[in-house]
Every structure is written in structure tokens, then in C-alpha cells.
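Asks: show me how the following folds:
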Amino acid sequence: MMKQFDVVIEKDSEGYFVASVPALKGCHTQAKSLDVLMERIREAIELCLEVQGSVYEPLDFIGVQRVSVVA
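Replies: Numbers count the residues shown, from 1 in each chain. Next up is the predicted model:
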């Protein structure tokens, strides 16, 4: 059965792409290229599903908003 997950991708200060799956707790990975990142996040999703079973919190993607604060 095919399942779809939203993946959040960011780039850190060292140039690595970082991917996380909000619907799967602890499901994240990183890579130097987007191609490798996508391979790794698919593997991470499969492993998370294997460990967690079908117990995950499906979320509806709404959007991304950048918020500025004084720190």
C-alpha cells in the first residue's frame, strides 16, 4: 500500500540539507545533495514505519511561514 508523507527540507550552516517528516516522530536525515537526501529520507520513512508500525499521526500540510523574533 502506497503512503505519502510531507517532508520538510532545510539547509544548515554547514551546507547540509536536512529532511524531517512531521507525521513520524524522530524521522529525519541529512545529506550534502538533494538527490542523496531524497534517497535517505525514503529509507528513514520505511524504517520508521517498520519500527512504529502503522501508528503515525497523519497531518494535513497547510504551509510554511517564516516568523521573525528579537532574540
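
Asks: contact partners for the residue most central in space within the chain?
Replies: In the chain, the residue lying closest to the centroid (Cα atoms, centre = their mean) is S20, at 2.0 Å. Residues near S20 by Cβ atoms under 8 Å, 6 or more residues apart in numbering: V7, V8, C27, H28. (C-beta placed from N, C-alpha, C; glycine too.)

Asks: between these, which has the most around it?
Replies: C27 (22 neighbours; other Cβ atoms under 10 Å).

Asks: list the contacts for it?
Replies: Contacts here follow Cβ under 8 Å, 6+ apart; on that basis C27 touches S20, V21, I41, A44, I45, C48.

Asks: in this protein, which spans are helices?
Replies: Ranges of helices within the chain are 34-52, based on DSSP state H.

Asks: which stretches of it aren't confidently modelled?
Replies: Judged by pLDDT under 70, the chain has its weakly predicted residues at 54.

Asks: now L34, nearest residue through space, not along the chain?
Replies: Nearest residue to L34, sequence neighbours excluded (Cβ to Cβ, 6 or more residues apart in numbering): F17, at 5.9 Å.

Asks: number of nearby residues for that neighbour?
Replies: F17 has 20 nearby residues by other Cβ under 10 Å.

Asks: quick check: the gap between L59 and V7.
Replies: Distance of L59 to V7, computed by Cβ to Cβ, to the nearest Å: 12 Å.

Asks: kindly report the same for H28.
Replies: Distance from H28 to V7, by Cβ to Cβ: 9 Å.

Asks: which residues do the two both contact?
Replies: Residues touching both H28 and V7 by Cβ under 8 Å, 6+ apart: A19, S20, V21, I41.

Asks: as TSV, the residues you listed with distance to V55 would be great.
Replies: Listed next are the shared contacts of H28 and V7 as TSV, based on distance: Cβ to Cβ, whole Å:
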residue	distance to V55
A19	21
S20	18
V21	14
I41	20
